[in-house]
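the sequence and its predicted three-dimensional model are supplied below.
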Amino acid sequence: MSTQASTGARASTSAPASTARSAASPDTGVDVEELPGGLRAGLEAVLMVVDEAVPAAQLARVFGVSAAEVETELEAIAEATEGHGYELREIGGGWRYYSRRDFAPFVSRFVVDGQTARLTQAALETLAVVAYRQPVTRGRIAAIRGVNVDSVMRTLTLRGLVEEAGTDPTSGALLYRTTSYFLERLGLGSISELPKLSPHLPGVDELDGLDGEF
Amino acid sequence: MSTQASTGARASTSAPASTARSAASPDTGVDVEELPGGLRAGLEAVLMVVDEAVPAAQLARVFGVSAAEVETELEAIAEATEGHGYELREIGGGWRYYSRRDFAPFVSRFVVDGQTARLTQAALETLAVVAYRQPVTRGRIAAIRGVNVDSVMRTLTLRGLVEEAGTDPTSGALLYRTTSYFLERLGLGSISELPKLSPHLPGVDELDGLDGEF
Amino acid sequence: MSEVSAAESAKPAGEDAPAGFAVTLEHFSGPFEVLLNLIGKRELDITEIALAAVTDEFIAYIKELRTRVGNKALDETTQFLVVAATLLDLKAARLVPSGEVESEEDIALLEARDLLFARLLQYKAFKAVAAEINRRYVSEGGRYPRQVSLEPEFAALLPELVWKTGIADFAAIAEKALAPKPMPATEVGLGHLHAPAVSVREQAAVIAELLRAAFEAADGAGSSLSFAELTADADSTLMVVARFLALLEMYRDKVVDFDQADPLGDLQVRWTGDEETWSADRLQEEYDDVGPGPAEKEAAATQDEETEES
């Protein structure tokens, strides 16, 4: 059903911008209009998985089209979410999918379901590594802990105990640090008040070798 | 447009379970069927906030309906994503939204993730042995591959593709198995969906056949 | 039949091969991979002929490997050596004119060959499915899951965190988490050791009994038994070796005497009876570790079974 709508909308918006669209995106070397669903589906793909609201200008740059075209498509997508459990909204200059407010009671129930008020041992250990080695990438934390920490890091971020702190200048990987809420929970004035650890423990530098395996 | 389709499907599936549905969900005090879009839209709303694949049974609990009803709606949602930039898939026993593969060149510009990193030949072979022989010790993997696999196993563990699974009762050696992330990365519903090993592996009879040629 | 012609037609190419033989360490992934590549290069099926044909190249590969990576690769090289030893056995067996003999060695060789076949075929199967896993891994990599952070409104609903960890406890957790975690050592595979344990001391007792019986039967006249007679009931090469070692020990203890009429002739062994109280228990402990103990033997047997069943 929506394929119909999508195709119709694409035809109407692509007509005036055909010259701009004929070239592939300079960033990706791919012309989105040659893919099934075209620009509209491309925008949906990106918006379904990005974690932050994305400005139309940024989308336009990656898809190699004008911001106006992107805006038109985004509005069409937003309109088509009518009747669905999600909606596409522009908040603070960026676009993002949100779950619809009507269903908040169920979403809340789902979120609370199975959540515990305590941190698991794995979460505590991961948090300790972040606290003593910050700023640190997930790859390095994993190398220190010997296991994948993606899911645990999401929990710690969700709990407001750790936060992103820019990217590593060499690898481009996200860096993490502890938050002021973490200090508050531990009753510390600053991170420097953490007890000193044995000097023989390996530092982050020594783990560079391990990191190279990713 | 999809409200129409959703309503139709709802009517057909809710009929046999009308008694269960007539009561509002115990916790929320709200009957999802009274909301615009009903159960289908409700499921979409919850799926917007999940950060890992969710089993139908868990969703059924949230909405106070049967898992079968949820499955039916999820399949309908998955079908309706045709032509969109995203898709709803059941992977590793749970449901989750994914961006469509066609748009990977664009999506990868927005998502900071190591998921495009290639696996080495050694890592792939080791992963294959774990997948087909799990739970399995490193010693046995090494015997099959003919080389020490310690460093490769560490890499696979850090990447979250394999994990420890207790110890072998006789030798006390650590056992390993593949993770749910492994299923997700391979787009498998369960480990049984892996291609059969037997066509590649001649049985004892065929070995005898080879012997007979001398 | 087809394998034979393939092997023969490939022979000239094989003789040229060493000149152009190049080791690419980037692609090095263990002895089976090298062996499969060598066989594949000759367009041969995995057969005994193929294995014998590529033995020299395989040995050359190991030599090259050693010069390239030195002692660091000892761990890997040992794995190659096990395979190389089996290959050499196979090749040697093909060079010797084949008789009707069904000796211990023939049987051991057949077992080693079958094991190598089985392991090579098994490896080939896993290599094939690894390619399929890679295909899926690469193609699925283009699908990104929705994995967004919770909207603040819902995040606020999470139960307040219960935090009971004090600063000292937290530091202790950090100490533990940051301490280097060496992987526990891989258990050593004994699958390639087929020899059952043979105790020199036990064999010495067997020989002593035979020789004493002969000594007494001849009423002290010093009747001797040949080495062949002494080892007639031995059911493995290792047992023959153990009996020979036992004889040397007994000679040192001056309870036996040897007589060999001509070089490579029959070795005649005689109980001298110089020491009536001699017992096999006197033999040194140094032979006690010759073979795996009962527990290890069991482990090795289990591993063999596993290899075969897979």
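Yep, that arrived.

against A:D168, how distant is the most centrally placed residue in chain A?
For chain A, the residue nearest the mean C-alpha position is A:D51 (3.0 Å; Cα atoms, centre = their mean). As defined by Cβ to Cβ, to the nearest Å, A:D51 lies at a distance of 18 Å from A:D168. The way it works is simple: take the backbone N, C-alpha and C, and place the C-beta from them, glycine included.

residues contacting the nearest residue to C:S236 once chain neighbours are set aside?
Ranked by Cβ to Cβ, 6 or more residues apart in numbering or on different chains and with sequence neighbours excluded, the top spatial neighbour of C:S236 is C:E104, at 6.0 Å. By Cβ atoms under 8 Å, 6 or more residues apart in numbering or on different chains, the contact list for C:E104 reads C:235-237.

give the buried residues for stretch A:60-77.
A:60-65, A:69-74, A:76-77 (16 or more other Cβ atoms under 10 Å in any protein chain shown).

re the thing from before, report the secondary structure state of the residue nearest to the centre of chain A.
Recorded secondary structure, A:D51: coil (DSSP: H, G, I helix; E, B strand; the rest coil).

my read: it touches C:L150, true?
No. Between A:D51 and C:L150 there is no contact, the gap being 10.5 Å when judged by Cβ atoms under 8 Å.

where does pLDDT dip in chain A?
A:1-23, A:26, A:200-214 (pLDDT under 70).

touching stretch A:151-158 from outside, list them.
Residues contacting stretch A:151-158 (Cβ under 8 Å, 6+ apart): A:119-120, A:122-123, A:126-127, A:130, A:138, A:141, A:162-164, A:176, B:51-52, C:147, C:149-150, C:155, C:158.

again, only using 6 Å
Identification of contacts with stretch A:151-158 by Cβ atoms under 6 Å, 6 or more residues apart in numbering or on different chains yields A:122-123, A:126-127, A:138, A:162, B:51, C:150.

circling back: next, format the buried residues of stretch A:60-77 as CSV and append secondary structure and distance to chain B.
Below are these laid out as CSV (DSSP: H, G, I helix; E, B strand; the rest coil; distance: Cβ to the nearest Cβ, whole Å):
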residue, secondary structure, distance to chain B
A:A60, helix, 12
A:R61, helix, 9
A:V62, helix, 5
A:F63, helix, 6
A:G64, coil, 10
A:V65, coil, 11
A:E69, helix, 14
A:V70, helix, 12
A:E71, helix, 17
A:T72, helix, 16
A:E73, helix, 11
A:L74, helix, 12
A:A76, helix, 12
A:I77, helix, 9
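
show me which of those residues is closest to chain C.
Closest approach to chain C among those (Cβ to the nearest Cβ): A:V62, at 14.2 Å.

for that closest one, which non-adjacent residue is closest in space?
Among residues not flanking A:V62 along the chain, B:R109 sits closest, at 4.9 Å (Cβ to Cβ, 6+ apart).

and that neighbour, what element?
Using DSSP states H and E, B:R109 is not contained in any helix or strand.

and for it, the neighbour number?
18 (other Cβ atoms under 10 Å in any protein chain shown).

wait, it sits on A:R61?
No. The criterion here is Cβ atoms under 6 Å, and B:R109 misses it with A:R61 at 9.1 Å.

chain A: helices as residue ranges?
Shown for chain A, the helices assigned by DSSP state H span residues A:2-14, A:18-22, A:38-49, A:56-63, A:67-80, A:104-112, A:121-133, A:138-145, A:150-158, A:180-186, A:208-211.

out of these, which one sits most buried?
helix A:38-49 (a mean of 27; mean count of other Cβ atoms under 10 Å in any protein chain shown).

quick one: contacts of that helix?
With contacts defined as Cβ under 6 Å, 6+ apart, helix A:38-49 is touched by A:6, A:10, A:32, A:63, A:73, A:97, B:84-86, B:97, B:99-100, B:103, B:106-107, B:110, C:144, C:146.

residue ranges in the stretch 151-300 of chain C under the pLDDT threshold?
For the stretch 151-300 of chain C (pLDDT under 70), the answer is C:183-197, C:219-222, C:273-276, C:284-300.

backbone dihedrals for C:D253, please?
Per-residue torsions, C:D253: phi -80, psi 0 (degrees, to the nearest 10).

over to C:P159?
Main-chain torsions, C:P159, degrees, to the nearest 10: phi -60, psi 140.

contacts only, for it.
A:A117.

same thing but 10 Å
A:112, A:115-118 (Cβ atoms under 10 Å, 6 or more residues apart in numbering or on different chains).

about what we covered before: how close does the residue nearest to A:V62 sit to B:A117?
For B:R109, the distance to B:A117 - Cβ to Cβ - is 16 Å.

picking up where we left off before, my guess is the residue nearest to the centre of chain A contacts C:P145, does it?
No. Judged on Cβ atoms under 10 Å, A:D51 makes no contact with C:P145 at a distance of 11.5 Å.

contacting residues for the closest residue to C:A177 other than its chain neighbours?
With Cβ to Cβ, 6+ apart as the criterion, C:A177 has its nearest non-adjacent residue at 4.0 Å, and that residue is A:E125. Contact analysis of A:E125 by Cβ under 10 Å, 6+ apart lists A:119, A:141, A:144-145, A:147, A:149, A:152, C:173-174, C:176-178.

ok, A:L124 next?
A:118, A:152, A:156, C:163, C:165, C:169-170, C:173-174, C:176-177.

which one of those residues sits in the busiest neighbourhood?
Result: C:A177 is most packed of the contacts of A:L124 (other Cβ under 10 Å), 25 neighbours.

correct me if wrong: A:Q134 contacts A:S192.
No. A:Q134 lies out of contact with A:S192 (Cβ under 10 Å); the separation is 11.8 Å.

of those two, who's got more company?
Neighbour count, other Cβ under 10 Å: between A:Q134 and A:S192, A:Q134 has more, with 16 against 6.

from chain B, how far out is the more buried one?
A:Q134 sits at a distance of 18 Å from chain B (criterion: Cβ to the nearest Cβ, to the nearest Å).

what is the closest residue to that residue other than its chain neighbours paired to in the beta sheet?
Using Cβ to Cβ, 6+ apart and skipping the chain neighbours, the partner closest in space to A:Q134 is A:R177 (4.1 Å). Beta bridges link A:R177 to A:E163, judged by DSSP bridges.

doesn't A:I141 make contact with A:R177?
No. Using Cβ under 10 Å, A:R177 is not in contact with A:I141; the gap is 11.8 Å.

now do the shared contacts for these two.
A:130, A:133-134, A:162.

if we can go back for a sec, identify the contacts common to A:D51 and C:L150.
B:D51.

flag every residue of chain C that's near chain A.
C:143-151, C:153-183 (Cβ under 10 Å from any Cβ of the partner chain).

could you redo the last one with a cut-off of 6 Å?
C:144, C:146, C:148-150, C:154, C:157-159, C:161-163, C:171, C:173-175, C:177-178, C:180-181 (Cβ under 6 Å from any Cβ of the partner chain).

scan chain C for its longest helix.
The helix that spans the most residues within chain C, counting by DSSP H, is helix C:104-140.

let me know the average pLDDT across that one.
For helix C:104-140, mean pLDDT rounds to 83.

check which element follows that helix along the chain.
Counting by DSSP H and E, what follows helix C:104-140 is helix C:152-155.

any buried residues in that following helix, and which?
Under 16+ other Cβ under 10 Å, the buried positions of helix C:152-155 are C:F154.

contacting residues around the next helix or strand after it?
Per DSSP H and E, the first helix or strand lying C-terminal to helix C:152-155 is helix C:167-178. The contact list for helix C:167-178, computed with Cβ under 6 Å, 6+ apart, reads A:124-125, A:128-129, A:132, A:195, A:197, A:201.

got the CA positions of whichever helix or strand comes after helix C:167-178 in PDB?
Remark: after helix C:167-178, the chain's next helix or strand is helix C:200-217, criterion DSSP H and E. Extracted C-alpha coordinates of helix C:200-217, given in PDB (Å, rounded to 0.1, in the frame of the first residue of the first chain):
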ATOM      1  CA  VAL C 200      60.000 -51.100  30.700                       C
ATOM      2  CA  ARG C 201      59.800 -52.500  34.200                       C
ATOM      3  CA  GLU C 202      56.800 -54.700  33.400                       C
ATOM      4  CA  GLN C 203      58.600 -56.000  30.200                       C
ATOM      5  CA  ALA C 204      61.700 -56.700  32.200                       C
ATOM      6  CA  ALA C 205      59.700 -58.900  34.600                       C
ATOM      7  CA  VAL C 206      58.200 -60.800  31.600                       C
ATOM      8  CA  ILE C 207      61.700 -61.400  30.100                       C
ATOM      9  CA  ALA C 208      63.200 -62.400  33.400                       C
ATOM     10  CA  GLU C 209      60.500 -65.000  33.800                       C
ATOM     11  CA  LEU C 210      61.100 -66.400  30.300                       C
ATOM     12  CA  LEU C 211      64.900 -66.500  30.800                       C
ATOM     13  CA  ARG C 212      64.700 -68.000  34.300                       C
ATOM     14  CA  ALA C 213      62.300 -70.700  33.100                       C
ATOM     15  CA  ALA C 214      64.800 -71.500  30.300                       C
ATOM     16  CA  PHE C 215      67.700 -71.400  32.800                       C
ATOM     17  CA  GLU C 216      65.900 -73.800  35.200                       C
ATOM     18  CA  ALA C 217      64.600 -76.100  32.400                       C
END
